[in-house]
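**Q** Sequence first, predicted coordinates after that:
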Amino acid sequence: MIDNNLTRRNELLSSVNRIVVKVGSGVLTEENHQGVNKEVVSQIASQVSTLSKMGKQVAIVSSGSVAIGSRVLQVPRHGLSIPVKQAAASLGQGSLISLWGQALNTEGLRVGQILLTHDDLANRRRFLNSRNTINTLFDFNVIPVINENDTVAVHEIKFGDNDTLSARITNLVEADLLTILSDVDGLYTSDPRLDTMAKKVAYVDDVNSSILAMAKDSSTKTGLGGMVSKVNAASEAARFGVSTIILHGTKKGSLVDAIKGKPIGTFFFPHDDRISSKLHWIEFSLKTSGIIHVDDGACEALLKKGKSLLASGITLIEGEFESGEAVEICNKEVGIFAKGLCNYHSFEAQQIKGHKSTEIENILGYKFYDEVMHRNDIVFFQKSDPSKD
């Protein structure tokens, strides 16, 4: 009997050229949590070398700096205040990149370090500059090792966890595959450490409420995000048309085996209707600054007719925002259904709402655009996306 899921999986993997490999704290940390397991770093580096020889380009998103630094400071890894965590990251980041450098250098590969905050990716210019830097590293056959810049990141500019960061990096580097190396070998129906009847989920077509419920019931031993953040990262990557595999990172050869087609881990299929890199950036990297409420006619024009948002269809403005900032679009019947870049400041939008585009210049004394939001700058939320329910 033909396994259609395996066939689909192998077809997708056959066209993979650029891969993001996320390595979690639970994979790198030794059993006694007293530091990073150098043997694990070495075996992952060996697999990256194998992939490189296969013609694949690999970017590593690595946790571990706080784990290393907290050991040096002789403080617990978890429950740290922000200043102590930043200090631990400062101490650990150099050691972490040194470990990756030594391991990859042994394999004949060079390493470039990239440290990012949420603000780096939320700013379009810095986003594109970061992409250019990483593309140049790839041109020189250098492996980018990417981490959150915990030394300066506070709550407002944090990704939250490196699973989320890895999904954003998948867009940043325009990858074909996201692999998440964890301390468990995939998503289970419940926590396999507590439930002997738990079964591994081999394939996921769509991250819906039932899949998220499984993720909440399942777990990983360590790491900030747990299984839920890994599943959410896979969902985010799927929107960009990218597959994700959650694998056991400490099992030798698991990464290469999976990419060569061995049916291990949990495979998340990408969405067929992938959104562009820019729209993915708008949806996931930009924080919302306000809400624009629209009437039924404008809602239908946006959702069904492929139109831009005009001032005439706006009924209410919530919040204060600058032109160029991300604003959500809401209709009283549909709810919040889209997010886009607004061409006008909130006080300008307040003045022109309900008016025709031809009246904008008379009202404001100038007119930048006919559209309050252009169609090309609007991303529409999928109904199946649980985060938008």
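**A** Perfect, thanks for sending it.

**Q** which sections of this structure are below the confidence cut-off?
**A** 1-2, 30-34, 153-160, 217-225, 383-389 (pLDDT under 70).

**Q** so G241 sits in a strand?
**A** No. Judged by DSSP: H, G, I helix; E, B strand; the rest coil, G241 forms no part of a strand; its state is coil.

**Q** Contacts only, for it.
**A** 270-272, 274-275 (Cβ atoms under 8 Å, 6 or more residues apart in numbering). All C-beta atoms are positioned from the backbone trio N, CA, C, and that covers glycine.

**Q** Which entries within these meet the buried criterion?
**A** Neighbour counting by 16 or more other Cβ atoms under 10 Å classes 270-271, 275 among the contacts of G241 as buried.

**Q** show me where the stretch 51-200 of the chain has helices.
**A** For the stretch 51-200 of the chain, the helices defined by DSSP state H, counting those that start in this stretch cover 65-73, 82-106, 118-122, 124-139, 162-172.

**Q** Mind putting the ones you listed into CSV with mean neighbour count and distance to L181?
**A** What follows is those, written out as CSV (neighbours: other Cβ atoms under 10 Å; distance: least, Cβ to Cβ, whole Å):
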stretch, mean neighbour count, distance to L181
helix 65-73, 22, 15
helix 82-106, 19, 13
helix 118-122, 19, 22
helix 124-139, 15, 20
helix 162-172, 27, 10
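
**Q** okay if I get the ones you listed as a markdown table plus distance to A338?
**A** Converted to a markdown table, those look like this (distance: least, Cβ to Cβ, whole Å):
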| stretch | distance to A338 |
| --- | --- |
| helix 65-73 | 37 |
| helix 82-106 | 34 |
| helix 118-122 | 19 |
| helix 124-139 | 19 |
| helix 162-172 | 19 |
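
**Q** Out of those, the one nearest G55 is which?
**A** When the helices of the stretch 51-200 of the chain are compared by Cβ to Cβ, helix 124-139 sits nearest G55, at 11.9 Å.

**Q** Grab the CA positions of that closest one and hand them over as CSV.
**A** What follows is helix 124-139, C-alpha atoms only, in CSV (Å, rounded to 0.1, in the frame of the first residue of the first chain):
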residue,chain,number,x,y,z
ARG,A,124,12.2,46.5,7.1
ARG,A,125,15.6,48.0,6.3
ARG,A,126,17.3,46.1,9.1
PHE,A,127,15.4,42.9,8.0
LEU,A,128,16.7,43.3,4.5
ASN,A,129,20.2,44.2,5.7
SER,A,130,20.2,41.0,7.8
ARG,A,131,19.1,39.0,4.8
ASN,A,132,21.8,40.4,2.7
THR,A,133,24.5,39.6,5.3
ILE,A,134,23.3,36.0,5.6
ASN,A,135,23.1,35.6,1.9
THR,A,136,26.7,36.9,1.6
LEU,A,137,27.8,34.4,4.3
PHE,A,138,26.2,31.6,2.2
ASP,A,139,28.0,32.9,-0.9
